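>>> Sequence first, predicted coordinates after that:
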Amino acid sequence: MTPEMLSQARENAYENNYANVDFRLGEVENIPVADGIVDVIISNCVINLSPNKQRVYNEAYRVLKNDGRLAISDIVLMKDLTDEMKQDEKLTVAESQGHLQLKN
């Protein structure tokens, strides 16, 4: 998140009376919180952007409570997109630039 995105998220939480959320600026490989205090981690196409995915999962494990949850919504391609698919805005989104490509 950029500082501007962080400010917007905090403003939205305040305006909607969400007292159970916390937004922090940091890196997914080095989450700026203490061990075992997080209830839920939501990744919306963030893990795919990290070059060190194992470090991301290690950090998630470190910060999550024993009954904590990890929700991942990342994009994985099973095969290459055709040129036609890449040009179709209805089929592609900005987050797909960080997709994983599975290899056989």
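Nice, I can see it.
>>> contacting residues around the longest helix anywhere in the chain?
Identified as the longest helix of the chain according to DSSP state H is helix 3-15. Outside helix 3-15, the residues within contact range by Cβ atoms under 8 Å, 6 or more residues apart in numbering are 1, 18, 21, 23-25. Where you see a C-beta, it was placed from the backbone N, CA and C, and this is true even at glycine.
>>> what mean pLDDT does it have?
What helix 3-15 shows for mean pLDDT is 94.
>>> Whatever helix or strand comes next after that helix packs against which elements?
Next in sequence after helix 3-15, counting helices and strands by DSSP states H and E, comes strand 38-43. Packing contacts for strand 38-43, counted by 3 or more Cβ pairs under 8 Å, 6 or more residues apart in numbering; DSSP states H and E, involve helix 53-63, strand 64-72.
>>> Averaged pLDDT, strand 38-43. What do you get?
If you average the pLDDT over strand 38-43, you get 91.
>>> Using PDB, write out every CA atom in it.
Coordinates of the C-alpha atoms in strand 38-43 are reproduced here as PDB (Å, rounded to 0.1, in the frame of the first residue of the first chain):
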ATOM      1  CA  VAL A  38      -3.300 -11.200  14.000                       C
ATOM      2  CA  ASP A  39      -6.800 -12.700  13.500                       C
ATOM      3  CA  VAL A  40      -6.900 -12.500   9.700                       C
ATOM      4  CA  ILE A  41      -4.600 -11.800   6.800                       C
ATOM      5  CA  ILE A  42      -6.100 -11.000   3.400                       C
ATOM      6  CA  SER A  43      -3.900 -11.100   0.300                       C
END
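>>> Report the buried residues of that strand.
For strand 38-43, burial by neighbour count (16 or more other Cβ atoms under 10 Å) applies to 38, 41, 43.
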